[in-house]
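Student: Build me a model from this:
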Amino acid sequence: MTTVAVVGLGTMGARIARRLLDAGYELVVWNRSPEKLAPLTARGAIAAATPADAARRAEMLITMVTDPLALRAVTEAPGGIARSASGSLTVIEMSTVGPAAVADLEAALPRRAGLLDAPVLGSVTEAEAGSLTIFVGGPEALVELARPLLSHLGSVIHVGPLGAGAAAKLVANSALFGTLATLGEAIVLARGLGLSESIVFKLLAVTPLAGQAERRRRSIEAGDYPPRFPLVLARKDSELIRAAARTAGIELRVADAARAWLAVAETAGFGDRDYTSMLAAILGERRTQSRRPTMTRAVLEQGRPHDGLIIDLDGVIWLGGSPIEGAAAAVARMREHGQRVLFLTNDPQSSRSELAERLSAFGIPANAADVMTSAAATARFLASQRDLRGRAVFVVGAPALRQEVEDAGFEVVGPPDAHRAELVVVGGHDGFNFAELRAATRAIVKGAPLFAVGRDRVVPTKDGLEPATGAVLAAVETASGVTATVIGKPEPFIFEIAREMLSGCERIAVVGDSLASDIAGAKRAGIDAILVLSGVSRETEIKEAEFRPDAVLASLADL
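Tutor: Residues are numbered from 1 along each chain as shown. Here you go, the predicted model:
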């Protein structure tokens, strides 16, 4: 029988792999976290060393990963699928990543390899039962070749050429998110007008929302939304919908509203619950996260050690311009033990080279490749978006941010030429003025999408708090009426980029001093989080934090 590989063994990937084992396929599996391999190898699956190794062993290979960045990591990075894909291999991309990522995947794979995009509609229950709806894009002959395999997972619908599957999934999700947002707002309106709860649902029963209202009523009344399709992934999908609409030149006001509600729900603490918990956010509820208890140093030492560490700078390595005691020695010990270290900061005003020099001056040898700033991450993110590459960009920010954007292949224009800008990027800097605000506003109103390196309102200095990117961004958002896509902490984007830079590490942790920035961002990205108490957050704040760390230490020296 055909040898099949599954790359990505998360909630859906693991269940797909089990279905294929049950169907009698010879199965090869790979996952970034190796511990997820054991249940499958115990049943006869073969563990691959890398995605490239999986591709060498298989005739068909399924990718089921989180987002476009994760897809690039398993396909284009060293040890990725593209490195060993042959003419006899058919890659079936089943993640929800959008048409642009499918086009990038096609460009990365050798021309002789086959490729289908086949995202799925359905969640855990459907994956286990083999009743997923699978939207497949690609040539008819290749679809028919893969149909027997995919039929073990659900119903196959051939929706068009390559990329059509990814497009169909975004359309389906847009309908789902929009319907939920409409349902939630209808209930809020009814409550606001004084109607009783029983009357609300009787009213909804005679509207086009009847089925959804009945299906969601129990969760709404109980305030409980058990995860099937995590809200954090739904929010990611809503960003893909927005990007695809922009590429097509389409305005989607209802989809934008649904995306905003998903973001509100994530901020309110529902990121790890089902996407339908968007309803809770619309109804004004807020959730206190039920996280694992704080771990001590002893608990850390019991587990498999981290071989990759993403370390914040201010509050962890230095504070107010002075080095924190023991930090340099701690980094030296990590490196002696073979641990890879990447320094990550939301500071958009300093270049990576400048920060590397500062680290070296503090006794931590480093070069620019050892540092990732929010400015560099934003430039890298923009360059990864196929529909944005090479566009003219108006940058509100320091020279370091402008240089990163320019180095990523974009044309950076000044205020006099801002009318040509096709993107606007905001980062805090000392020279922010009204001319910049006016130029950014005009470009955005004309249709330029808005991106920002972060939302930090203030930053601590030896002289007290000073305005940061969030303060500048608030002015731009208020003037333009547009909400920015933020790349820096605590958004998952910057952490995914950092994780990609530590490609090859099996267990990665973020070390930071801020619960709201470092710890929240790490947990939202699915990365272990270690809080050090040498910076802004105090131990007494952990209990009330929406995202709690996996470990708490006095300082980096204790790691």
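Student: drop to CA atoms for contacts and neighbour counts, all remaining ones
Tutor: OK.
Student: where are the low-confidence patches of the stretch 251-400 of the chain?
Tutor: 267, 286-304 (pLDDT under 70).
Student: Next, Val6: phi, psi?
Tutor: phi -120, psi 120 (degrees, to the nearest 10).
Student: in the sheet, who's paired with it?
Tutor: Counting by DSSP bridges, Val6 is bridged to Val29, Ile62.
Student: Look up how far Glu336 lies from it.
Tutor: Taking Cα to Cα, to the nearest Å as the measure, Val6 falls 35 Å from Glu336.
Student: now swap in Phe201 and tell me
Tutor: Note on Phe201: its distance to Glu336, by Cα to Cα, is 64 Å.
Student: For the stretch 451-559 of the chain, just list every one of the helices.
Tutor: In the stretch 451-559 of the chain, the segments counted as helices under DSSP state H, counting those that start in this stretch are 469-480, 492-501, 520-524.
Student: Could you export the ones you listed to a markdown table, including columns for mean neighbour count, distance to Arg235 and mean pLDDT?
Tutor: Converted to a markdown table, these look like this (neighbours: other Cα atoms under 10 Å; distance: least, Cα to Cα, whole Å; pLDDT from 0 to 100):
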| stretch | mean neighbour count | distance to Arg235 | mean pLDDT |
| --- | --- | --- | --- |
| helix 469-480 | 19 | 20 | 93 |
| helix 492-501 | 23 | 11 | 90 |
| helix 520-524 | 24 | 12 | 88 |
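Student: Adding distance to Val136 as columns, could you present the ones you listed in TSV?
Tutor: Listed next are those as TSV, based on distance: least, Cα to Cα, whole Å:
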stretch	distance to Val136
helix 469-480	39
helix 492-501	27
helix 520-524	30
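Student: picking that back up, Val6 and Glu336 - which one has more neighbours?
Tutor: Applying other Cα atoms under 10 Å to Val6 and Glu336 shows that Val6 carries more neighbours, namely 27 against 10.
Student: before we move on, the earlier item: right, so of the helices of the stretch 451-559 of the chain, which gets closest to Ala435?
Tutor: Taking Cα to Cα, helix 469-480 is the member of these nearest to Ala435, at 11.6 Å.
Student: Summarise which helices and strands the closest one is packed against.
Tutor: In this structure, helix 469-480 packs against strand 423-426, helix 434-445, strand 458-461, with contacts taken as 3 or more Cα pairs under 8 Å, 6 or more residues apart in numbering; DSSP states H and E.
Student: Please repeat the previous calculation with a cut-off of 10 Å.
Tutor: With contacts defined as 3 or more Cα pairs under 10 Å, 6 or more residues apart in numbering; DSSP states H and E, helix 469-480 has these neighbours: strand 392-396, strand 423-426, helix 434-445, strand 450-452, strand 458-461.
Student: and Thr345, what does it touch?
Tutor: Going by Cα atoms under 10 Å, 6 or more residues apart in numbering, Thr345 touches 310-314, 352, 355, 371-377, 488-489, 494, 512, 518.
Student: hmm, I was thinking of Asn173
Tutor: So Asn173 contacts 96, 121, 179, 234, 237-238, 241, 255 (Cα under 10 Å, 6+ apart).
Student: Could you give the secondary structure assignment for it?
Tutor: Classification of Asn173 using DSSP: H, G, I helix; E, B strand; the rest coil returns helix.
Student: How about Arg56?
Tutor: Per three-state DSSP, Arg56 ends up helix.
Student: how much space between it and Ala369?
Tutor: Taking Cα to Cα, one finds Arg56 at 31 Å from Ala369.
Student: Neighbour count for those two, which is higher?
Tutor: Neighbours per residue, other Cα under 10 Å: of Arg56 and Ala369, the larger number sits with Arg56, 19 against 12.
Student: which non-adjacent residue is nearest the more buried one?
Tutor: Nearest non-adjacent residue to Arg56, counting by Cα to Cα, 6 or more residues apart in numbering: Ser84, 5.9 Å away.
Student: Contacts only, for the residue nearest to Phe229 when sequence neighbours are not counted.
Tutor: Leaving aside its chain neighbours, Phe229 sits nearest to Asp274 (5.2 Å; criterion: Cα to Cα, 6+ apart). Taking Cα under 10 Å, 6+ apart, we find Asp274 in contact with 224-234.
Student: how near is Pro490 to Arg455?
Tutor: 8 Å.
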